[in-house]
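Asks: Pasting a predicted model and its sequence here:
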Amino acid sequence: MSNFQKTMNRKDYEVAFGEEISQFLSEVIQKCPVEYSEVESAEKEKIIINILDHMKNDFISRAGPKRIKDWDTGWGENLNLVSEYSDINSLIPKYFGKYNVIRFCSRFIKVVNKEAEYNTVKILQTWLFEKFLKEVDCVYEFGCGTGHNLFRVRDINKKAEIYGLDWSISTGEIFKKINNCFGEDFRYKQFDFFNIDRSFELKENSGVYTFAALEQSGEKFKNFIDYLVLNKPKICFHVEPISELLDPENNLNDYLSIEYFKKRNYLEGFYKYLKKLENEGTIEIVLEKRSTIGSLYINGYSIVAWRPNHA
């Protein structure tokens, strides 16, 4: 017998985030429906087999500096769409909505609406932006892609200067379209995690974040973190594949996630490096939380938030 259809509600997200949520976020949840049914045991086995078979494929690309052409091509597709239709939904990356199975609270769920995965991302981001970015004067998203996340920053903070930074030339052209078509004033700067432009200084009382972007740096993230420490933002947070916050010994989904991280050459040693800086007194970690949502293949949205010690 198949499970009946459900819709995510405020309580579901409070369980996922481990705290009560605001009325504003509750209203966002109402506007971002996630309709789903639970995955039965036989279906789960098929999903796991599919994931294992997928990881055998040699065509899976590995993160690193060689992938810049892939990202420029991908964001170029979004540029063409937004140029043709002037539709904000044209900014949504094409990797969202590809599968009808996603992860929520360490389990697989089968979603009904194509927008479900992206809607969970919207809700997760809004929760974090409310928590960390409401009171800053300037916001920087490093690895911003098409800039689609920045609209939710603006929903939370109406007054902040908002910067998107990415290594793709296509992103700069997208930002011109965003500001012309949608009346925004987002700033853009080309920025490469592998070749840090240290002449670019962050403004005072700023917030910095990455969202599924720093993963592309593999093991080469230290220069970027050191750059942030020197610039002394008020808060930094990263929503990334962080293996140390998962539980592969007790959760098969987590085990599969970490194996996929390795296959893709996602972040390795990132959390340990932040803990090292904290132990040295360089930074203070203010939040570390395992992934609560994810895609078919990974729990890739674990969170670490930190701030430099200004002494």
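Replies: Structure received.

Asks: how about low-confidence regions in this protein?
Replies: When residues are selected by pLDDT under 70, those of the chain lie in 1-3, 311.

Asks: Swap in 50 and give it another go.
Replies: Within the chain, the segments meeting pLDDT under 50 span 1.

Asks: all helices for it, in order.
Replies: With DSSP state H as the criterion, the chain has helices at 10-17, 23-31, 41-55, 68-85, 116-132, 150-156, 169-182, 222-231, 252-264, 270-279.

Asks: Could you dump the ones you listed into a markdown table with distance to residue 206 added?
Replies: Using the backbone N, CA and C atoms, a C-beta is placed for each residue, glycine as well. Output for these, formatted as a markdown table (distance: least, CB to CB, whole Å):
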| stretch | distance to residue 206 |
| --- | --- |
| helix 10-17 | 24 |
| helix 23-31 | 22 |
| helix 41-55 | 39 |
| helix 68-85 | 24 |
| helix 116-132 | 11 |
| helix 150-156 | 12 |
| helix 169-182 | 19 |
| helix 222-231 | 8 |
| helix 252-264 | 29 |
| helix 270-279 | 19 |
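
Asks: just the ones you listed: most buried one?
Replies: Using mean count of other CB atoms under 10 Å, the stretch among those with the largest mean neighbour count is helix 116-132, at a mean of 22.

Asks: Summarise which helices and strands that one is packed against.
Replies: helix 10-17, helix 23-31, strand 101-104, helix 150-156, strand 206-211, strand 235-240, strand 293-294 (3 or more CB pairs under 8 Å, 6 or more residues apart in numbering; DSSP states H and E).

Asks: what's the spacing between the fifth one and its chain's center?
Replies: Its chain's average C-alpha position is 11 Å from that of strand 206-211, according to CA atoms, centre = their mean, to the nearest Å.

Asks: Only the buried residues of that strand, if you could.
Replies: Residues 206-211 are the ones in strand 206-211 that count as buried (16 or more other CB atoms under 10 Å).

Asks: Give me the contact list for it.
Replies: 125, 128, 132-133, 136-143, 149, 160, 202, 228, 231, 233-240 (CB atoms under 8 Å, 6 or more residues apart in numbering).

Asks: cool, stretch 13-31 as well?
Replies: For stretch 13-31, contacts defined as CB under 8 Å, 6+ apart pick out 8-10, 104-105, 122-123, 126-127, 130, 289, 292-293.

Asks: If anything else comes up later, I'll come back, but that's it for now.
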